[in-house]
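Visitor: requesting a structural model of the entry that follows:
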Amino acid sequence: MANENGNCSTGGENKECITSYVDDGSVESHRLYLSRRTVLEMLRDRGYLVPDSELSRSLADFRSEFGPKFDLERLRLCFSLVSEPSKKILVIFCGTDEIRKADILAIFRQIVNKESLHRLMLILQSKMNSFARKEADNFSAKVEIFQITELLVNVTKHILMPKHKILTAAEKQILLKKYKLEDKQLPRMLQNDAIARYYGLEKGQVMRVAYRDGITGSLVTYRCVM
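Guide: Prediction:
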């Protein structure tokens, strides 16, 4: 039974009611909040200048700022690389209708000559047909496409996930020279692998993967994106 403070009284002890954990907001806002936060973490991990204020925003703050009825354009994100400020990425959250060629062309018309982009990321809440995907492949900047369901959880934060580090071009050459190897002789990581997509890796880049647990101890391996 709840007391006037909203706590449950059981046997003389005050325990927090289970109702205090119930999310009274919309499922849509929760999904958008989680996916947007994962995108922010992703961009920070890629080396983009993402403000701490964006990463620390709570669900309540998110709903307070963007309201119950979301204007998806307000959710857009645009950040520059710390190492190369001229290189920007624009993130666009798409609606719940199927994405068609006309929709992609409309997006491109909105942003052409307005943003100096080297990447564009589209977050989908529905499917995109083959004509739209083909048009996206022809855009001047690289277009990355994620389903919103792929971003509800940050895959790199799973307790069983090993630590990943992208090697610089110089570090890659040192590695290959040390072990007298060529790219094709390294273990492979497909470009559509979840980790490769998270970090936006291109073919030929090498990832250092460090495993650690109480049974096998530590193990370091390297994977080349193919």
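Visitor: can you show me the strands along this structure?
Guide: In the chain, the segments counted as strands under DSSP state E are 7-10, 13-16, 77-80, 88-93, 117-124, 142-147, 163-166, 188-189, 206-213, 217-225.
Visitor: please produce TSV containing those, extended by distance to residue 27 and mean neighbour count.
Guide: Where you see a C-beta, it was placed from the backbone N, CA and C, and this is true even at glycine. Formatted as TSV, the strands of the chain follow (distance: least, Cβ to Cβ, whole Å; neighbours: other Cβ atoms under 10 Å):
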stretch	distance to residue 27	mean neighbour count
strand 7-10	26	13
strand 13-16	23	10
strand 77-80	22	17
strand 88-93	15	20
strand 117-124	16	20
strand 142-147	16	17
strand 163-166	31	15
strand 188-189	34	16
strand 206-213	35	16
strand 217-225	35	15
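Visitor: tabulate those (TSV), appending distance to residue 63.
Guide: Shown next, in TSV, are the strands of the chain (distance: least, Cβ to Cβ, whole Å):
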stretch	distance to residue 63
strand 7-10	24
strand 13-16	22
strand 77-80	18
strand 88-93	15
strand 117-124	18
strand 142-147	22
strand 163-166	32
strand 188-189	37
strand 206-213	36
strand 217-225	38
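Visitor: is it possible to get a markdown table of those that adds mean pLDDT and distance to residue 131?
Guide: A markdown table is the format used below for the strands of the chain (pLDDT from 0 to 100; distance: least, Cβ to Cβ, whole Å):
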| stretch | mean pLDDT | distance to residue 131 |
| --- | --- | --- |
| strand 7-10 | 50 | 56 |
| strand 13-16 | 52 | 52 |
| strand 77-80 | 96 | 26 |
| strand 88-93 | 96 | 18 |
| strand 117-124 | 96 | 15 |
| strand 142-147 | 97 | 14 |
| strand 163-166 | 95 | 33 |
| strand 188-189 | 96 | 30 |
| strand 206-213 | 90 | 33 |
| strand 217-225 | 91 | 28 |
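Visitor: out of the ones you listed, flag the one nearest residue 32.
Guide: strand 88-93 (6.9 Å; Cβ to Cβ).
Visitor: what helices and strands are in contact with the closest one?
Guide: helix 27-46, strand 77-80, strand 117-124 (3 or more Cβ pairs under 8 Å, 6 or more residues apart in numbering; DSSP states H and E).
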